[in-house]
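> I would like the atomic coordinates for the input below:
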Amino acid sequence: MHSLTRIKLSVMMFLEFFIWGAWFVTLGTYLLANLETSGTQVGMAFLTQSIGAIAAPFFIGLIADKFFPAQRILGILHLIGAGLLWQASVVADFDSFYPFILVYMIVYMPTLALVNSISFRQMKDPSKEFPPIRVLGTLGWVVAGLTIGWLNWEQTNQLDLTFKMAALASVLLGLFSFTLPSTPPVKKGEKTTFADLVGLDAIGILKNRSYLLFFLSSVAICVPLAFYYGFTNPFLNEVGMEAAAGKQSLGQISELLFMLLMPFFFIRLGVKKMLAIGMLAWVLRYVLFAFGDVESGYWMLIGGIVLHGICYDFFFVTGQIYTDNLAGERFKSSAQGLITLATYGVGMLIGSLLSGVIVDAYQLPSGGHDWRTIWLIPAAIAGVVLLLFVLFFKDRNTAQPISNPLTPEAEAAPAVGKLP
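The predicted structure is shown next:
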């Protein structure tokens, strides 16, 4: 890959995740403290990312793959998103806030698949070339969290500024996107099918039984993920951790380190062990949160945060590369949209609904929460998913390219490629 291309893709990843991390980490605290919402309403706010993820395959499977270059769509979506984030920062109640954040997430979530697609299309060996670029996204999230902690926005009740900061970064990425390497549609001029319209032309990848189990595991593991995204920051602030958003950035620093080490782990562990270790880290993280405190158990809270690197890299980044290897050139964009649908769509939707209800159910008369019970619930869910995955997943070494399952060619496609 040309060095200038690598730099541009790295800047793209940095801004993509800086924007998300700038407001998403502290969203729960902002809603509970500033807009005085319930836990269920916090869950509803985080559910918007699931709605956006469900809409993502439409943008990827139809628009990016058939009509317009991916980098142009990325730019337009971020420019629209900037205005929506700014408007969300100035409203004073949840009923006014919710429509802006809902539409924003419908606009933002497709960009997660777009940045992956733009990156993968420039690479010859994604398992080696993608992690060093994707790690800049992690760095962007870290910088966002440290900035919030450094400016003390949590303690001074100024979390509305997080949305304004994200809006400005979104304008920057929107304009920068038009300078990215050209990523033209790979199916331009082809007849549009129903599968294209709903982003299902990549669904043939599910014929691979190993991938089908990974797909279902991705849905299930994102149920406990919703607890982490929605309530870690309120939890840490409630138990008395200072500059909680800044401390949470330790998770992304860990993610950055493990991202750099992923090529080494791929060669020695393979897909199944990587995914299993990632899920085991989820169980341990929630157990540490359940029994940690800001006094003698402070190390548990920090340990639970630091485990985020293994949780995310070993499962989600491994899954993105696994998906890219199986998809084949023709369906790379649609396949990334499909896995986004499974994780941030269906899985997070279920988790967002469940987590808000559970947090409300374990609210104490004093106004706090029974966090030990709350965190043991996602720990148990992650443990069950891990057990089923280890028992039934088979790490096949040959990748089977996909084709549209609605056409006769789907059964005739030859096997190509190897998994790392």
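> The residue nearest the centre of the chain and Ile221, how far apart?
Using C-alpha atoms, centre = their mean, the residue of the chain that lies closest to the mean C-alpha position is Tyr344, 6.3 Å off. Separation of Tyr344 from Ile221 (C-beta to C-beta, to the nearest Å): 12 Å. Any C-beta I mention is one placed from the backbone N, CA and C, and that applies to glycine too.
> What ranges in the stretch 301-420 of the chain fall below the confidence cut-off?
328-334, 337, 395-420 (pLDDT under 70).
> Tell me which stretches of it form helices.
In the stretch 301-420 of the chain, the helices defined using DSSP state H, counting those that start in this stretch lie at 308-312, 318-327, 332-340, 348-361, 371-392.
> what's the most buried one of those helices?
Among the helices of the stretch 301-420 of the chain, helix 332-340 has the highest mean neighbour count (mean count of other C-beta atoms under 10 Å), at a mean of 29.
> Does Phe14 touch Gly137 like I think?
Yes. A contact is recorded between Phe14 and Gly137 when judged using C-beta atoms under 8 Å, the distance being 6.4 Å.
> Looking at these two now, which is surrounded by more residues?
Neighbours per residue (other C-beta atoms under 10 Å) separate Phe14 from Gly137, with Gly137 holding more: 28 against 21.
> quick one: Arg209 from Val271, how far?
14 Å.
> Which one's more surrounded, these two?
Neighbours were counted for Arg209 and for Val271 using other C-beta under 10 Å; Val271 has more, 22 against 12.
> Roughly how far does that one sit from Leu114?
From Val271 over to Leu114 the distance is 24 Å, taken as C-beta to C-beta.
> How about Ile80?
Distance from Ile80 to Leu114, counting by C-beta to C-beta: 14 Å.
> now do Gly351
Counting by C-beta to C-beta, the gap from Gly351 to Leu114 is 24 Å.
> same check, this time on Val90
When distances are taken as C-beta to C-beta, Val90 and Leu114 turn out to be 28 Å apart.
> neighbour count winner among these two?
Neighbour totals were compared for Val90 and Leu114, and Leu114 leads with 30 against 12 (other C-beta under 10 Å).
> ok now the helix or strand where the more buried one lies, how far from the chain's centre?
Assigning secondary structure by DSSP states H and E places Leu114 in helix 94-120. Its chain's C-alpha centre lies 11 Å from the corresponding centre of helix 94-120 when counted by C-alpha atoms, centre = their mean, to the nearest Å.
> swap in stretch 314-327?
13 Å.
> Secondary structure element holding the residue nearest to Thr232 when sequence neighbours are not counted?
Among residues not flanking Thr232 along the chain, Gln248 sits closest, at 6.6 Å (C-beta to C-beta, 6 or more residues apart in numbering). Counting by DSSP H and E, the element that carries Gln248 is helix 244-291.
> other SSEs contacting that helix?
Contacts defined by 3 or more C-beta pairs under 8 Å, 6 or more residues apart in numbering; DSSP states H and E place helix 244-291 against helix 126-151, helix 209-238, helix 298-306, helix 308-312, helix 318-327, helix 371-392.
> related to what we said a few turns ago, mean confidence score for the helix holding Leu114?
The average pLDDT for helix 94-120 rounds to 90.
> which helices and strands does that helix pack with?
helix 3-24, helix 39-57, helix 70-88, helix 126-151, helix 318-327, helix 332-340.
> what about these, which gets the closest to Glu242?
Using C-beta to C-beta as the measure, helix 126-151 is the one of the helices and strands packed on helix 94-120 that comes nearest Glu242, at 8.7 Å.
> And the helix or strand following that closest one, what's buried?
For helix 126-151, the succeeding helix or strand toward the C-terminus, using DSSP H and E, is helix 160-176. Of the residues in helix 160-176, those buried under the neighbour-count criterion (16 or more other C-beta atoms under 10 Å) are 160, 162-167, 169-174, 176.
> Correct me if wrong: Pro263 contacts Arg134.
No. With contacts counted by C-beta under 8 Å, Pro263 stays clear of Arg134, the gap being 11.8 Å.
> which one of the two has more residues nearby?
A direct count of neighbours by other C-beta under 10 Å for Pro263 and Arg134 places Arg134 higher, at 26 against 17.
> got a list of what the more buried one touches?
For Arg134, the contacting residues are Met13, Ser119, Met259, Val317, taking C-beta atoms under 8 Å, 6 or more residues apart in numbering as the criterion.
> Just the pLDDT for the first one.
pLDDT recorded at Met13 is 96.
> Could you find the closest non-adjacent residue to it?
The spatially closest residue to Met13, leaving aside those adjacent along the chain, is Gly137, at 3.8 Å (C-beta to C-beta, 6+ apart).
> One more: the third one?
Leaving out its chain neighbours, the residue that sits closest to Met259 by C-beta to C-beta, 6+ apart is Val135, at 4.0 Å.
> Can you give me the distance of that neighbour to Gly345?
Relative to Gly345, and taking C-beta to C-beta, Val135 is found at 25 Å.
> Could I get the phi/psi values of Ser89?
When read as degrees, to the nearest 10, the backbone of Ser89 gives phi -80, psi -10.
> dump the residue contacts of it.
Applying C-beta under 8 Å, 6+ apart, one finds that Ser89 lies in contact with Asp160, Leu161, Thr162, Phe163, Lys164, Ala167.
> Quickly name whichever of the residues you listed is closest to Tyr298.
So of the contacts of Ser89, ranked by how close each gets to Tyr298 (C-beta to C-beta), first place is Thr162, at 25.4 Å.
> residues contacting that closest one?
Contact criterion C-beta under 8 Å, 6+ apart gives Ala22, Trp23, Thr26, Tyr30, Ser89, Ile148, Trp153 as the residues in contact with Thr162.
> thinking again about what came up before, my read: the residue nearest to Met13 touches Val11, true?
No. Look at Gly137 against Val11 with C-beta under 8 Å: they stay out of range, at 10.4 Å.
> if I look at the closest residue in space to Met109 that isn't next to it in sequence, how far off is Tyr312?
Distances taken as C-beta to C-beta, 6+ apart put Gly52 closest to Met109, at 3.2 Å, once the chain neighbours are dropped. For Gly52, the distance to Tyr312 under the criterion C-beta to C-beta works out to 19 Å.
> what does Phe176 give?
25 Å.
> and if you look at Leu27?
18 Å.
> in the helix holding Leu114, what's buried?
Buried residues in helix 94-120, counted by 16+ other C-beta under 10 Å: 94, 97-98, 100-120.
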